[in-house]
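*Asks:* Quick check, what structure comes out for this input:
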Amino acid sequence: MPRANSHRANGPWPNGPNAGRMPRLAQGLDSRYFAPMSTNSLIWINAGEPSGDIHAASLLRALREREPGLRAIGMGGGALAAAGCDIRFPMRLISLVGLTEVLSGLPRILHLLGQVKRALMAARPRAVVLIDCPDFNFRVARIAGRLGIPVYYFISPQVWAWRSGRVEFLRRHARRVLCVLPFEKDFYAARGMDVDYVGHPLMDQLPLAELDATPVDQNLLGLLPGSRRKEISALLPQFARAAMLLRGRLPNLRLALARAPGMDETFLRQFLPPELPVTILPPEERHRLMRTSRALLAASGTATLEAALIGTPTVVAYKLSALSFAIGKAVVQIKYASLANLIMGREVLPELLQKDATAERMAETLAPLLADESALAAARAELADLRRRVGGPGATRRAADIILNDLNGQAGQAGQAGQAGNVRA
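*Replies:* This next block holds a predicted model:
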């Protein structure tokens, strides 16, 4: 039996031996999971983590501005669902951190990929749009390619950080690659690949004019411990101890924490000692917290770039399992962990990684920002320069134009849309 038909025979198809049965992970979902759909106005969007979910939602809204009848299905979270995507697979199914964590979850991921393939075969979307998350999305790209579905990669994976050979994978499997960091276009060009630089979608999502007019609370330290349980359990106890040390020196210091989407306050409280007063804010208050805080202590991730663009000095911390960190140190080809530092080419956000991510080092690094006006002013000046380098808004609109123009065969217009992003860099 041909390979393509073997999936039909083993899947939830009318004539196969498993007719009428749904895969175990899909149980509880309605019958639309594998229902055939019209492909003329349908795209598949895959986002696998919270920041990608937000970027995917912005892109979907921009796509619908161009084509109001466009429909979307795929993988994502609450933001993408709120933008109108029919979420067939919740992104929490692939919420893993570090190589060892990915390996332990591999059987479940492989099972999920089988389900995604069957869903793509049934839906036959007009295109697949992938948002970052390369360890999972590269496999989706390969599946889509074998089904003859064009793939667009928005938020180019960080192939410049490690495994740069994956550029060749993108060359073969992605119809267009859309980058959001200023240095990425040159990176790909040096490897013989032309990509589109569109600017960073955060410049569309951050209400910078409103935030710039919001006053800073000079006694407030903001805490951003991450979006995943493992990183929170590794970092938040150290954040709390650092705060205790700082309050010993700065008795007027107040603390507030913005929880990530889907993160329960009860889970966070177990890492905070009762004698440490911390206000926990909902996810939608995170940008306001970033602005009103005099300084921030944050887990490495997209939130640190948001904070940097808002203009608040931030100390970045992160911990992985010992094995994941050892492997990462051997293969990662970049000097910094945070995007702000990579864009600037120097450490504008102090980084405390792995063995340095201790309460004592955090308190020591934060103290000048909280007590020394000249140190605070110098840090803010660096961040103002970062915002100028990233450029202005319009990234998701340019990305939507490139995707839809290319799908509609308007290559010239797509190229012009990509160039518009380059000019802003």
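
*Asks:* Surely Ile45 is in a strand?
*Replies:* Yes - assignment of Ile45 by DSSP: H, G, I helix; E, B strand; the rest coil places it within a strand.

*Asks:* just the strands in the stretch 251-400 of the chain please.
*Replies:* For the stretch 251-400 of the chain, the strands identified by DSSP state E, counting those that start in this stretch occupy 254-258, 279-281, 293-299, 314-318, 351-353, in order along the chain.

*Asks:* now the stretch 101-250 of the chain
*Replies:* Taking DSSP E, counting those that start in this stretch as the criterion, the stretch 101-250 of the chain contains strands spanning 127-131, 151-154, 176-179, 196-197, 217-224.

*Asks:* Dump the strands of the stretch 251-400 of the chain into CSV; add distance to Val180, mean neighbour count and mean pLDDT as well.
*Replies:* For every residue, glycine as well, the C-beta is placed using N, CA and C. CSV is the format used below for the strands of the stretch 251-400 of the chain (distance: least, CB to CB, whole Å; neighbours: other CB atoms under 10 Å; pLDDT from 0 to 100):
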stretch, distance to Val180, mean neighbour count, mean pLDDT
strand 254-258, 23, 22, 97
strand 279-281, 27, 16, 97
strand 293-299, 20, 25, 97
strand 314-318, 19, 27, 96
strand 351-353, 21, 20, 94
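
*Asks:* and of those strands, who's closest to Asn341?
*Replies:* Of all the strands of the stretch 251-400 of the chain, the one in closest proximity to Asn341, counting by CB to CB, is strand 351-353 (7.0 Å).

*Asks:* which residues are contacting that closest one?
*Replies:* When contacts are taken as CB atoms under 8 Å, 6 or more residues apart in numbering, the neighbours of strand 351-353 outside the stretch itself are 300, 315-319, 336-338, 341, 358, 361-362, 365.

*Asks:* Apart from its neighbours in sequence, what residue is nearest Arg398?
*Replies:* With CB to CB, 6 or more residues apart in numbering as the measure, Val198 is the residue that lies nearest to Arg398, at 4.2 Å, once sequence neighbours are left out.

*Asks:* Against Asp217, how distant is that neighbour?
*Replies:* Look at Val198 and Asp217: by CB to CB, to the nearest Å, they are 35 Å apart.

*Asks:* Between those two, which has more neighbouring residues?
*Replies:* Val198 (28 against 15; other CB atoms under 10 Å).

*Asks:* Could you save the strands of the stretch 101-250 of the chain as JSON lines and add columns showing distance to Phe267 and mean pLDDT?
*Replies:* Converted to JSON lines, the strands of the stretch 101-250 of the chain look like this (distance: least, CB to CB, whole Å; pLDDT from 0 to 100):
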{"stretch": "strand 127-131", "distance to Phe267": "26", "mean pLDDT": "97"}
{"stretch": "strand 151-154", "distance to Phe267": "31", "mean pLDDT": "96"}
{"stretch": "strand 176-179", "distance to Phe267": "35", "mean pLDDT": "95"}
{"stretch": "strand 196-197", "distance to Phe267": "38", "mean pLDDT": "94"}
{"stretch": "strand 217-224", "distance to Phe267": "14", "mean pLDDT": "97"}
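
*Asks:* Distance to Ala62 added to those, as TSV?
*Replies:* Written out in TSV, the entries for the strands of the stretch 101-250 of the chain read as follows (distance: least, CB to CB, whole Å):
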stretch	distance to Ala62
strand 127-131	11
strand 151-154	10
strand 176-179	12
strand 196-197	14
strand 217-224	27
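
*Asks:* Of all those, which one is nearest Leu235?
*Replies:* Counting by CB to CB, Leu235 lies closest to strand 217-224 out of these; the figure is 9.4 Å.

*Asks:* What pairs with that closest one, parallel or antiparallel?
*Replies:* Paired strands of strand 217-224, with direction, are strand 254-258 (parallel), strand 293-299 (parallel) (DSSP bridges).

*Asks:* got the contact list for the longest one?
*Replies:* When you say that, I think you mean strand 293-299. 216-227, 231-232, 235, 239, 242-243, 256, 290, 304, 307, 312-318, 362, 366, 369-370, 376.

*Asks:* Return a PyMOL selection command for the buried portion of those.
*Replies:* Selecting only the buried entries of these in PyMOL, with 16 or more other CB atoms under 10 Å as the criterion:
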select buried, resi 220+221+222+223+224+225+226+227+231+232+235+239+242+243+256+290+304+307+312+313+314+315+316+317+318+362+366+369+370+376
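
*Asks:* I am finished for the moment; much appreciated.
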